[in-house]
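A.B. asks: Sequence first, predicted coordinates after that:
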Amino acid sequence: MRVAGETGHTGHQPANFFPAANSRYGFCSRFQQIGGDAVRSTHVLKGGPGTGKSTFLQRTAWDLAGDGWRVEFYWCPSDPDSLDAIYFPSAGALLVDGTHPHPMDPQLPGAADHLVDLSRHWRRAALSGRREEIASLQRRTALHFLAAHTHLAAAGRCDSGARRILRRSGAVDDGARRRTITEVTRDILRRAVDRVPICPHLPRTRRLFLSALGPEGPVSHVSDLVSASPNLYVVRDGTGLLSHPLVSHLRDCAALEGLACWVFASPLDPQKLQHCHLPEIGASVVTSRPGLMLHPPDSARLLCNSRIIHPGRLDSVHATLRDLRRARGAALRRARGELSRAASMHREMEDIYVPTVDFSEVERTRAALVRTLRRA
């Protein structure tokens, strides 16, 4: 696992997220969850690979962060060092890469949303002569992603199978699970009387990702959430039998209390929740599992799924669960290989586009947008 250390946040809010995931169900987008109804203006970047969209976003973030603006960073799950979007909560301003596989267009063109067309700054003639080469690379990239998602589906089935086997073996103590979920939820929500109002430009609810399955393996920004949470619960749960129902229950109860609540799903299975953050009371629940192990501070409260498992009933299924873990690991390695090959294809496309782009004009476009944002 690679742990991303850059936080870039002020106050007590996490600032690094993934707006999408390569998952067992294919590419899963949560771009609409970035700012929700709090977004007042959206600037959609369009352009081919290698046309400077990520650099455009990074430099804009640095410029406005230098002015004291708080910035949220949204990283690409297929290239975790590349930005897909940035959001400035105090201004309600979203800048987003609106190209495939997460196409986006202005919803209120001119009135609130704006198109930033970087294709104006490339030499079309130089690209038209390489049309077939570009099309071939696109087809091959799509096939590698298809293969990766197929392997991720196999890994996800191993997880689902392990959960079913644990339940049917009688190893899961449902009573202990309910008591644990109730106890933790009650302990967290009793702090709600000391809530601090959330920034009005941050959404009340969100469903995003804090980790990704990338071409170099798992990448995580969960440490960002840990550092933002003086009241922290860490659930050590490799099955999801405790973490998902706990986060789901906490989210529902927080909504009844009128608390803002952000939840974060598993990149492998976006239907399963792994983490939860209640920004107004500085409380979070995060999941630690093999491949995404955390080293929490001493002040964190630890919960292990062993408290909901009858250990004596595992003997009959131990070998089966071990084989499923191995099969899951093998499927994830194959998926990683396909994602790596897709990334290699993408770099080849970038090599075609980069020489055709006038980056001085891209920078002038970016500087003009920064001036517009500062005046807004």
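C.D. replies: Now that the structure is in, tell me what you want to look at.
A.B. asks: So for the helix or strand where residue 175 lies, what gets flagged as buried?
C.D. replies: For residue 175, the host element (DSSP states H and E) is helix 174-189. Using 16 or more other Cβ atoms under 10 Å as the test for burial, helix 174-189 gives 177, 180, 181, 184, 185, 188, 189. Backbone N, C-alpha and C define where each C-beta goes, glycine included.
A.B. asks: elements contacting that helix?
C.D. replies: strand 231-236, helix 243-256, strand 283-288 (3 or more Cβ pairs under 8 Å, 6 or more residues apart in numbering; DSSP states H and E).
A.B. asks: so for stretch 32-43, what's the average pLDDT?
C.D. replies: For stretch 32-43, the mean pLDDT works out to 90.
A.B. asks: Work out the gap between it and the centre of the chain.
C.D. replies: 16 Å (Cα atoms, centre = their mean, to the nearest Å).
A.B. asks: Alpha carbons of that stretch, as CSV, please.
C.D. replies: Extracted in CSV, the C-alpha atoms of stretch 32-43 (Å, rounded to 0.1, in the frame of the first residue of the first chain):
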residue,chain,number,x,y,z
GLN,A,32,-21.3,14.8,-8.4
GLN,A,33,-20.6,14.3,-4.7
ILE,A,34,-17.6,16.6,-4.6
GLY,A,35,-19.5,19.7,-3.5
GLY,A,36,-23.1,18.8,-4.0
ASP,A,37,-25.5,21.7,-3.7
ALA,A,38,-22.8,23.9,-2.3
VAL,A,39,-21.1,24.3,-5.7
ARG,A,40,-21.7,27.8,-7.0
SER,A,41,-19.5,27.7,-10.1
THR,A,42,-18.0,24.9,-12.1
HIS,A,43,-15.1,25.2,-14.6
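A.B. asks: For that stretch, list every residue counted as buried.
C.D. replies: Buried residues in stretch 32-43 (16+ other Cβ under 10 Å): 33, 34, 35, 38, 39, 41, 42, 43.
A.B. asks: any chance of the residues you listed in CSV, plus distance to residue 100 and secondary structure?
C.D. replies: Formatted as CSV, the buried residues of stretch 32-43 follow (distance: Cβ to Cβ, whole Å; DSSP: H, G, I helix; E, B strand; the rest coil):
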residue, distance to residue 100, secondary structure
33, 19, helix
34, 18, coil
35, 22, coil
38, 26, helix
39, 22, coil
41, 23, strand
42, 18, strand
43, 18, strand
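A.B. asks: Closest to residue 197 out of the buried residues of helix 174-189?
C.D. replies: residue 189 (17.0 Å; Cβ to Cβ).
A.B. asks: and the closest one, how far is that from residue 297?
C.D. replies: Note on residue 189: its distance to residue 297, by Cβ to Cβ, to the nearest Å, is 22 Å.
A.B. asks: Please give the three-state secondary structure assignment for residue 202.
C.D. replies: coil (DSSP: H, G, I helix; E, B strand; the rest coil).
A.B. asks: coming back round to it: ok, which of the helices and strands packed on helix 174-189 comes nearest residue 23?
C.D. replies: Of all those, it is helix 243-256 that lies closest to residue 23, at 14.9 Å by Cβ to Cβ.
A.B. asks: Tell me the buried residues in the closest one?
C.D. replies: Along helix 243-256, these residues count as buried under the neighbour rule (16+ other Cβ under 10 Å): 243, 244, 245, 246, 247, 249, 250, 251, 253, 254.
A.B. asks: Which single one of the buried residues of helix 174-189 is nearest to residue 330?
C.D. replies: Nearest member of the buried residues of helix 174-189 to residue 330, counting by Cβ to Cβ, is residue 177, at 29.8 Å.
A.B. asks: okay, the helices and strands packed on helix 174-189 in CSV with mean pLDDT next?
C.D. replies: Output for those, formatted as CSV (pLDDT from 0 to 100):
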stretch, mean pLDDT
strand 231-236, 93
helix 243-256, 96
strand 283-288, 94
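A.B. asks: The protein: helices as residue ranges?
C.D. replies: For the chain, the helices defined by DSSP state H cover 53-65, 124-128, 131-168, 174-189, 222-227, 243-256, 318-353, 359-375.
A.B. asks: Could you chop this structure up by domain?
C.D. replies: Here the domain parsing of the chain from automatic domain parsing is 8-122+358-375, 172-309.
A.B. asks: export those to TSV and tack on distance to residue 148?
C.D. replies: Below are those laid out as TSV (distance: least, Cβ to Cβ, whole Å):
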stretch	distance to residue 148
domain 8-122+358-375	6
domain 172-309	9
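A.B. asks: Show me what counts as buried in the lengthiest strand in the chain.
C.D. replies: When the chain is parsed with DSSP state E, its longest strand is strand 79-88. Residues 79, 80, 82, 83, 84, 85, 86, 87, 88 are the ones in strand 79-88 that count as buried (16+ other Cβ under 10 Å).
A.B. asks: beta partners of the fourth one?
C.D. replies: The residues listed as beta-bridge partners of residue 83 by DSSP bridges are residue 75.
A.B. asks: dump the residue contacts of it.
C.D. replies: Residue 83 sits next to 53, 54, 57, 58, 61, 73, 74, 75, 76, 97 when contact means Cβ atoms under 8 Å, 6 or more residues apart in numbering.
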